[in-house]
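S.K.: curious how this folds, go ahead:
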Amino acid sequence: MSTLSAIIVDDEHLARRGLSVRLQQLPEVDVIAECANGHEALQAVAQHSPDLLFLDIQMPGMDGFEVVENLQGDDMPMVIFVTAYNEYAVDAFKVHAIDYVLKPIEDDRLHEAVQRAVAHREQEASTSGKEKLVKLLMSMTGESAAGVEAMVEGSGGKGDSWPEKITVKDGNDIQFIRVTDIEWVDAAGDYMCIHATGKTHIMRITMKQLEGMLNPAVFLRVHRSTIVNNRCVTGAQTLTNGEYLLNLEGGTQLKVSRSYKDRIKEFLVS
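M.R.: Below is the predicted model:
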């Protein structure tokens, strides 16, 4: 794998320089820019499209979470929060941070965080490779995406059946959610938030595992962290950056990243 391009964002000059010097010792990372605040970070990401963002949380004007909020979209880099405060860890992983490193930074801990980012990118590359294979097989065989997925996984093709219910365990409490009731799903770290009939159910499962349980003819991936039931979509708007905003029953709106735009476009015009 090639080197990860990275941007450091911290309002303290010495903190930026210290982290930059440490990262120079790690061949997996190439620091391409340093930013003193959130606004500079947004401009730098737009200009350089980095793989990785080392992001401080408490900064004047725009804090680290606001930076991430403004970066949501297809060009979202991986984020490693670097901060002196441990109370934001849960919130950090809710916005899909790769890691959370406390100051003063220990060399071993920094190296561990970088390795986590490398592994994450390799996993995404593997997933991307599978998607390309699926598209190729679709063009060669005329099969649907669901049929090709079954061929790739060796599960038998068109005869597949999809579960009617999903089991969610919460301590000693076990709930059965009808798949047809699921409106949309979003990821929160290692947990999935399943939104069904006005309630949110938390399930400890990976996005890949849950996606494999849902009929792809009905449940569409609209973002790397979001799946939507197409039967709940009531309309859509085209955004100025080429992305879509889906409207769901009940008023929920979900952004479609550019990576999934073509598939959603096919659904909207079909």
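S.K.: helices of the protein, residue ranges please.
M.R.: 13-23, 38-48, 64-71, 89-94, 107-141, 145-153, 207-212, 261-269 (DSSP state H).
S.K.: buried set for the first one?
M.R.: Judged by neighbour count using 16 or more other Cβ atoms under 10 Å, the buried positions of helix 13-23 are 15-16, 18-20, 22-23. From N, CA and C alone the C-beta is placed, and that goes for glycine too.
S.K.: residues contacting Glu183?
M.R.: 195-197, 228-229, 232, 248-250, 252 (Cβ atoms under 8 Å, 6 or more residues apart in numbering).
S.K.: try it again at 10 Å.
M.R.: For Glu183, the contacting residues are 194-198, 228-229, 231-233, 248-250, 252, 254, by Cβ atoms under 10 Å, 6 or more residues apart in numbering.
S.K.: and the residue nearest to Phe93 when sequence neighbours are not counted, how many neighbours?
M.R.: Spatial nearest neighbour of Phe93, excluding adjacent residues (Cβ to Cβ, 6 or more residues apart in numbering): Gly189 at 4.0 Å. By the criterion of other Cβ atoms under 10 Å, Gly189 has 13 neighbours.
S.K.: pretty sure Gly189 contacts Asp99?
M.R.: No - using Cβ atoms under 10 Å, Gly189 is not in contact with Asp99, being 11.4 Å away.
S.K.: buried stuff in stretch 41-60?
M.R.: Neighbour count says stretch 41-60 has 41-42, 44-45, 50-57, 59 buried, by 16+ other Cβ under 10 Å.
S.K.: quick one: which of those residues is nearest to Val218?
M.R.: Asp51 (33.3 Å; Cβ to Cβ).
S.K.: how close does that closest one get to Ser2?
M.R.: 9 Å (Cβ to Cβ, to the nearest Å).
S.K.: okay, and the common contacts of the two?
M.R.: 30, 121.
S.K.: what's near enough to touch the closest residue to Ala36 other than its chain neighbours?
M.R.: Take Ala36 and drop its neighbours on the chain: the residue closest to it by Cβ to Cβ, 6+ apart is Asp11, 5.6 Å away. Counting by Cβ under 10 Å, 6+ apart, Asp11 makes contact with 35-38, 40, 56, 58-61, 63.
S.K.: would you list these in JSON lines and tack on pLDDT?
M.R.: Converted to JSON lines, the contacts of Asp11 look like this (pLDDT from 0 to 100):
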{"residue": "Cys35", "pLDDT": "97"}
{"residue": "Ala36", "pLDDT": "97"}
{"residue": "Asn37", "pLDDT": "96"}
{"residue": "Gly38", "pLDDT": "95"}
{"residue": "Glu40", "pLDDT": "96"}
{"residue": "Asp56", "pLDDT": "97"}
{"residue": "Gln58", "pLDDT": "94"}
{"residue": "Met59", "pLDDT": "95"}
{"residue": "Pro60", "pLDDT": "93"}
{"residue": "Gly61", "pLDDT": "92"}
{"residue": "Asp63", "pLDDT": "95"}
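S.K.: re the thing from before, the residue nearest to Ala36 and Thr197, how far apart?
M.R.: Asp11 is 45 Å from Thr197, by Cβ to Cβ.
S.K.: again with Lys208
M.R.: 25 Å.
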